[in-house]
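[1] Need a 3D model of the sequence below.
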Amino acid sequence: MNLPTVQHVYQHHHLDSTRWQRYTPRNDDIVIATTYKSGTTWMQNIVMHLIFQDLQIRPVTNFSPWLDVRTFPIEDAINYIEKQQHRRFFKTHLPLDGLLFYPQVKYIVVGRDGRDVFMSLWNHYQSYSERSYANFNDTPGRVGAPFPRCPDDIHVFWDGWINKGTFEWEREGYPFWSNFRHVQTWWNYRHLPNILFVHFNDLLTNLEFELLRIARHLEIHLSEALLAQIAEVVTFDSMKENAEKIIPDISFTGGANAFLYKGTNGRWKDVLSADELAMYHATVQRELTPDCAKWLENGGLISA
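    This next block holds a predicted model:
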């Protein structure tokens, strides 16, 4: 069976894919993979409750680090995760062609309609604080240009994000990294038994069923009663209510409540013009296979 291999090195103001070279996997490790604003923190919180099998609210970033972000020393990150005694779970924002892949690790890929990703990313970008820009631009070792300030006009941001890449092999996602291409790199390997795809829409509409799918993928056995209780604790509304406990000390204007913003879909319908939606469809057609595009817009179970 052909396994994914590293094809590109991702290094810029946010990312450094080479940091994963320092990682030594354990046989029960879990990696949560998303582009951005697709339910990353939501899935980390879900996995945390499934691992600990309780209802306690914990700071997710204390348990589940983002290994490819370059704003803290990789030595500290590796030392921290090597000391963890619980089942480890990490997040990554890397496309699969930039991530070392391990058959013994369980991967969960979370997807979301690209237009909803954009609207959430707009709020995210607007909420960056001075500390955020300093972290990404002034931390030693940055490769390439500094991270630019958020434009004042959402339509200016859309034009760059949908039509321009950050890395030379990307054609969308600026000034962050690819969204659509990112998903496609994972989709190409959806047949592998250690990769599970979960859609944001399905977490909103059928959370308990999705928790069961995730638990089975992770080989975690829960009673029906506990599963139902966890489902109540990990709704987006519950996370929003406990945002300051789940992601404390975040360097965002507006704090954790700005980071966990609305958790709703369809806001783009009142924002994007017909011409902008034409850009969206052209980018989707160029970057995604038809089956991947259909799933990314609608969700639902997929077959290899």
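[2] When you work out contacts or count neighbours from here on, use the C-alpha atoms and nothing else.
    Will do.
[3] Can you name the residues that contact Tyr16?
    Slight slip there: residue 16 is Asp, not Tyr. Remark: with contacts taken as C-alpha atoms under 8 Å, 6 or more residues apart in numbering, Asp16 is in contact with Val9, Tyr10, Asp68, Val69, Arg70.
[4] swap the cut-off to 6 Å and go again
    For Asp16, the set of contacting residues under the criterion of C-alpha atoms under 6 Å, 6 or more residues apart in numbering consists of Tyr10, Asp68, Arg70.
[5] Please name the residues that touch the last one.
    The neighbours of Arg70, taking C-alpha under 6 Å, 6+ apart as the test, are His14, Leu15, Asp16.
[6] Nearest to Cys292, out of these: which one, please.
    Nearest to Cys292 among those: Leu15, at 24.9 Å, using C-alpha to C-alpha.
[7] how many other residues sit next to the closest one?
    By other C-alpha atoms under 10 Å, the residues close to Leu15 number 24.
[8] got a pLDDT number for it?
    What the model reports as pLDDT for Leu15 is 98.
[9] For it, what are phi and psi?
    Its backbone dihedrals place Leu15 at phi -110, psi 150, with angles given as degrees, to the nearest 10.
[10] Neighbours of the nearest residue to it once chain neighbours are set aside, how many?
    Take Leu15 and drop its neighbours on the chain: the residue closest to it by C-alpha to C-alpha, 6 or more residues apart in numbering is Val69, 4.9 Å away. The burial count assigned to Val69 is 22, neighbours taken as other C-alpha under 10 Å.
[11] I'd like to know how far Val69 sits from His14.
    6 Å (C-alpha to C-alpha, to the nearest Å).
[12] cool, and Ser273?
    Distance from Ser273 to His14, counting by C-alpha to C-alpha: 30 Å.
[13] For the two, indicate the residue with more neighbours.
    When neighbours are counted by other C-alpha under 10 Å, His14 comes out ahead of the other of Ser273 and His14, with 21 against 12.
[14] Now do the same contact list for the more buried one.
    With contacts defined as C-alpha under 6 Å, 6+ apart, His14 is in contact with Val69, Arg70, Phe136.
[15] Same question for Asp116.
    Under the criterion of C-alpha under 6 Å, 6+ apart, the contact list for Asp116 reads Asn265.
[16] Give me the pLDDT value at it.
    Note for Asp116: predicted pLDDT of 95.
[17] So it belongs to a helix, correct?
    Yes - counting by DSSP: H, G, I helix; E, B strand; the rest coil, Asp116 is part of a helix.
[18] which residue ranges form the strands in this structure?
    For the chain, applying DSSP state E gives strands covering 30-33, 89-92, 106-111, 195-199.
[19] quick one: which of those is nearest Trp177?
    Counting by C-alpha to C-alpha, Trp177 lies closest to strand 89-92 out of these; the figure is 12.5 Å.
[20] Show me what the closest one is packed up against.
    Secondary-structure packing of strand 89-92 (3 or more C-alpha pairs under 6 Å, 6 or more residues apart in numbering; DSSP states H and E): strand 30-33.
[21] what mean pLDDT does the strand it packs on have?
    Mean pLDDT, strand 30-33: 98.
[22] Give me the below-cutoff pLDDT ranges for the protein.
    For the chain, the stretches flagged by pLDDT under 70 are 1, 247-264, 304.
[23] in it, which residue is closest to the centre?
    Thr34 (2.9 Å; C-alpha atoms, centre = their mean).
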